[in-house]
Structures are given as C-alpha cells and as structure tokens.
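1. Make a model of this:
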Amino acid sequence: MTYFQAIILGIVQGLTEYLPVSSSGHLVIVPFLLGWSFPEDQVFVFDVLVQLGTLLAVIVYFWKDLWEIASAFVKGLIARKPFETTESRMGWLIILASIPGGLAGVLIKPLVEATFAKPVAVGWLLFVTAILLTAAEFFGKKDKGFTGINWLDALLIGVGQAAAIFPGISRSGATISVGLIRGIKRADAAKFSFLMSIPIMLAAGLYSALDLPGVANLSSFLPVMLVATVVAAIVGYLSIKWLLSYLTRRPLTDFAIYCAAAGALVLIVSFIR
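-> Alright, predicted model coming up:
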C-alpha cells in the first residue's frame, strides 16, 4: 500500500464511518473499483485499525458528554446509586448496547474477515443498508429525545450494531435506523450511535492489533497505517459535525438512494469483469 492509497482510504474511512453508508464496505469497494490489490494479511487489519482514527474523532467531538457520563458513572458506583442520574444511566446504556456487537465480533470473526474479500457480497449488503434507512424513515415516529432512551432501546440498537459487523451494512446506518424505529429523533439517535461506537471500536482495534505481528513487511506497513489513521481522524471529526446538522433538517432516504446506487455499481462492475 502506498501513501497515496493510504490517504485516499483514510478520507474514505473518515467520511463514511459516521455517514450511514458503511465505512468497512467502502474500504472494500473503493480498492475494488480502482483496481487496487493489497496483501491479504493486511486488508482486514488495515480496515479495523484505521477506525482508531475515527474513534479519536468521536472522542474529541463528544469530550464534554463523555466526561460527564464517565464521572457520573463512577460516582454512581461509589455511592451505590448507579442509575441515579441521567448521565450515569447513559453510561450503563452504552455498555448494554455494546454487548451484542462484542459477542458478534468474537464469535463470527472468520466469517466477517472472509466477507472483506468479497466485493459482490458487500454490494448486496449495501442494499440491506438502503432498506434499513428507508424503513426507519417510513416507520419511525421520531418523537423521543436523547434522555428518553431506555434499556430496550439500547439493547435493540446494540443488535443493529452487531449486524453491522459485516462490511456493507452501515454501523451508523443500522443503529440510527433502529433508534428511529424505536421513536428516537434523528439527531439524538445519531448522538447515541456515535457514543456507543466508542467501546466497540476500541475493542475491535485492540483485538486486531493482536494480528499485527503476522502482517508481512510490518515495518513499512505501520507508517502507512499511521498516515491513514490521522487522515481518518481529521475527516471523521468534520463528518460528525456535518451529519448532526444535516439530520436536523433532512431524512435518511438520501443515503438510502446512495447505498442502493453504490451496491448496484459494484454488482455491475463485478458482472462486467
């Protein structure tokens, strides 16, 4: 992988991690459409570790919220009143929402890794994302605020995050869609989606770091990986800011159309080749 390719993929990751269009899917289909080929042992590790850049972006953007949630969580444990405040309760909800994705990541990792090598499968899964986004706008009431999220909302949103472990099913798209179907407003569903991504992305990054010793040409791969991660962090921060503003004014159907078009393009190109 060259530095130019790393920069392009870092931009792709930063743009698509929080936009509901599947970042992991784009990290598969962009090299496929451009005819780029990378060593097989680098592909999955790169696609997961570059998410650490967008993880940094969401931590920086929501630093104040995270501090309030973390401090209230710890104070609640010390006082033996873990659910006394809205912030401490939100900490528990984020943990609950992270469990399904964590279990999926451990139990079906080989199956997920195999999907990263199948652009056609990613193309079909982008259609799944398009259907989810459309259904959310059609069935969602969108009348509940951020503080109204309950344990069942969090668990179901977590199931959406678990499904999105496959490239092509957007993590933010699936979690925001479930949130909308549960009656949560768009921007509030997106905020919870971004906050709950932190534990799972951190765990996935650390878990994938265990595969680094097995990567060929590791000394030359790490600097390229670092460049992509920094680019992803910068672009990801701007992407979060833009999307939260967008969702207060516009529906998710625009992204559904894009996912369907991207999926169709991948299938057409695959058929021609």
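
2. how close does the most centrally placed residue in the chain get to residue 177?
-> Centroid-nearest residue in the chain: residue 171, 4.1 Å away (criterion: Cα atoms, centre = their mean). Separation of residue 171 from residue 177 (Cβ to Cβ, to the nearest Å) stands at 11 Å. Every C-beta, even on glycine, is put in place using the N, C-alpha and C of the backbone.

3. Only alpha carbons, please: show stretch 217-235 as CSV.
-> Taking Å, rounded to 0.1, in the frame of the first residue of the first chain, the C-alpha atoms of stretch 217-235 are listed here in CSV:
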residue,chain,number,x,y,z
ASN,A,217,6.5,-6.1,5.9
LEU,A,218,5.3,-4.7,9.2
SER,A,219,8.0,-2.0,9.4
SER,A,220,6.8,-0.4,6.1
PHE,A,221,3.1,-1.1,6.8
LEU,A,222,2.9,0.8,10.1
PRO,A,223,3.9,4.3,8.8
VAL,A,224,1.3,4.0,6.0
MET,A,225,-1.2,2.8,8.6
LEU,A,226,-0.5,5.9,10.7
VAL,A,227,-1.0,8.3,7.9
ALA,A,228,-4.4,6.7,7.0
THR,A,229,-5.4,6.9,10.7
VAL,A,230,-4.5,10.6,11.1
VAL,A,231,-6.4,11.5,7.9
ALA,A,232,-9.4,9.5,9.1
ALA,A,233,-9.4,11.3,12.4
ILE,A,234,-9.5,14.8,10.8
VAL,A,235,-12.1,13.9,8.2
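
4. Any chance you could list what contacts that stretch?
-> 1-3, 5-7, 9-11, 13-15, 17, 39, 42, 46, 49-54, 56-57, 212, 215 (Cβ atoms under 8 Å, 6 or more residues apart in numbering).

5. buried sites along that stretch?
-> 221, 224-225, 227-235 (16 or more other Cβ atoms under 10 Å).

6. Same check on stretch 120-128?
-> 121-123, 125-128.

7. for the lowest-mean-pLDDT helix or strand in the chain, packing partners?
-> Lowest by mean pLDDT, DSSP states H and E among the helices and strands of the chain is helix 40-49, with a mean of 72. Here helix 40-49 touches helix 23-34, helix 186-209, helix 218-247, going by 3 or more Cβ pairs under 8 Å, 6 or more residues apart in numbering; DSSP states H and E.

8. Direction-wise, compare the longest one with helix 186-209 and give the angle.
-> For helix 218-247 and helix 186-209, the angle between their directions (axes from the mean of the first three to the mean of the last three Cα atoms, to 10 degrees) works out to 170 degrees.

9. So residue 250: helix, strand or coil?
-> Classification of residue 250 using DSSP: H, G, I helix; E, B strand; the rest coil returns coil.
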